[in-house]
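Visitor: Show me the folded form of this:
(one chain, ligands or ions: 1)
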Amino acid sequence: MADHKSRMLILGSGPAGLSAAIYAARANMEPIVIQGVEPGGQLMTTTEVENYPGFADIIQGPWLMEQMQKQAENCGAKLVWDNISGVDFSERPFKLMGDGGDVYHGDVVVIATGAQARWLGLESETLLRGKGLSACATCDGFFFKGKKIAVIGGGNTAVEEALYLTNHSDDVTLIHRRDSLRAEKVLQDRLFDHPNISVMWEKTVDKFVGDGDPLGLVAIDLKDTKTDAITQIDAEGAFVAIGHDPATSLFKGHLDLDDDNYIQVATGSTRTSVPGVFACGDVMDKIYRQAVTAAGTGCMAALDAERFLTGSADHAW
Ligand code: NDP
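Guide: Numbering: from 1, shown residues only. Just a heads-up that it's a prediction; the model follows:
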């Protein structure tokens, strides 16, 4: 058990947390980055990354995160592994409590704990993830150029993904479990007016069907929610868009969260409801959710935090 002190604590080590660390370290704030149970965040489970600027060729997600980690360390950030299970934002310096009894004290805290895409929980889904199945159309849509694509879900994300995918395919099917969409009316209108999108109502996925060597998605078995009848549709790409879960359970009662449990920040900034606590990346962004936008808001958080510290006279250390 030990006490760790820093002017800036960063919680999370995806693109948001590590970008904040790079900027904070270069501003001599000697940040400590606390990496949780999934260091590197969602890019660690992504294979090919083609949309992160600066790389002419396709790169691997885990490699990109390794580079960001080394860059943060080379700039002077200290990376530690711990699972934070308690926070005290009632007074500065703030405290983060680790599972093993370590306590981290920080003048400011940057939260970059990210979000996880929800999956349907099917065995066939686990088997075909990254082999035709994805949870991010902006990331992976390009790989399905000219192919038959399905999107599962009925919210804003599902509808936006279906619309986006028409840039790559003229055969997109939206599959929804009810007979009406949850998405905003304006998005629904765009979807229904699109000649290359069809909607299958009251259907759930019974099984994703794979074939070939290497294995890839070829079809989807759908179950009718009223009759239980199974029908099969061809699909070489499928996007599960049934929502995300931001990693915010730790902050309930400590910070203002929105109705979907994302951390609320002041418009155009990373300031949370507690002065001195900042949030960046997918934990506060339910709209863009890209590595590059997470990195961008990570940079913003470091700059916001630095300005907060410079403008405040009561540094504890
Ligand atoms: P939502 O929770 O809004 O929608 C999830 C959709 O997935 C629902 O239609 C739901 O069905 C369906 N679903 C959930 N679980 C299952 C399941 N097990 N099987 C089948 N279908 C399932 O998530 P979104 O990601 O779409 O949006 C999250 C938040 O982000 C919302 O507040 C949204 O408005 C916001 N957002 C805003 C955007 C924008 O402003 N441009 C863009 C993207 C998101 P059912 O309807 O039956 O519950």
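Visitor: Next, the contact list for the residue of the chain found nearest the ligand, please.
Guide: Nearest residue of the chain to the ligand (C-beta to the nearest ligand atom) works out as Gly155 at 2.4 Å. Quick note: C-beta positions are derived from backbone N, CA and C, even for glycine. Contacts for Gly155 were tallied using C-beta atoms under 8 Å, 6 or more residues apart in numbering; they are 181-183, 241-243.
Visitor: how about 10 Å then?
Guide: 161, 176, 181-184, 187, 241-243 (C-beta atoms under 10 Å, 6 or more residues apart in numbering).
Visitor: Could you tell me which residues of the stretch 51-200 of the chain lie near the ligand?
Guide: Within reach of the ligand by C-beta under 6 Å from any ligand atom, the stretch 51-200 of the chain has these residues: 120, 153-158, 160, 177-178, 182.
Visitor: measure stretch 171-180 end to end?
Guide: End-to-end distance of stretch 171-180 (C-alpha to C-alpha, to the nearest Å): 21 Å.
Visitor: Worst mean pLDDT across the helices and strands of this structure, which element?
Guide: For the chain, the helix or strand with the lowest mean confidence is strand 48-49, at a mean of 81 (criterion: mean pLDDT, DSSP states H and E).
Visitor: give the contact list for the closest residue to Ala158 other than its chain neighbours.
Guide: Ranked by C-beta to C-beta, 6 or more residues apart in numbering and with sequence neighbours excluded, the top spatial neighbour of Ala158 is Ala241, at 3.8 Å. Contacts of Ala241 were listed using C-beta under 10 Å, 6+ apart, and they are 117-118, 134-137, 151-162, 174.
Visitor: Packing partners of the least confident helix or strand of the chain?
Guide: Contacts defined by 3 or more C-beta pairs under 10 Å, 6 or more residues apart in numbering; DSSP states H and E place strand 48-49 against strand 59-60, helix 61-75, helix 137-140.
Visitor: Name the stretch among those that sits most buried.
Guide: Highest mean neighbour count of the helices and strands packed on strand 48-49: helix 137-140, a mean of 22 (counted as mean count of other C-beta atoms under 10 Å).
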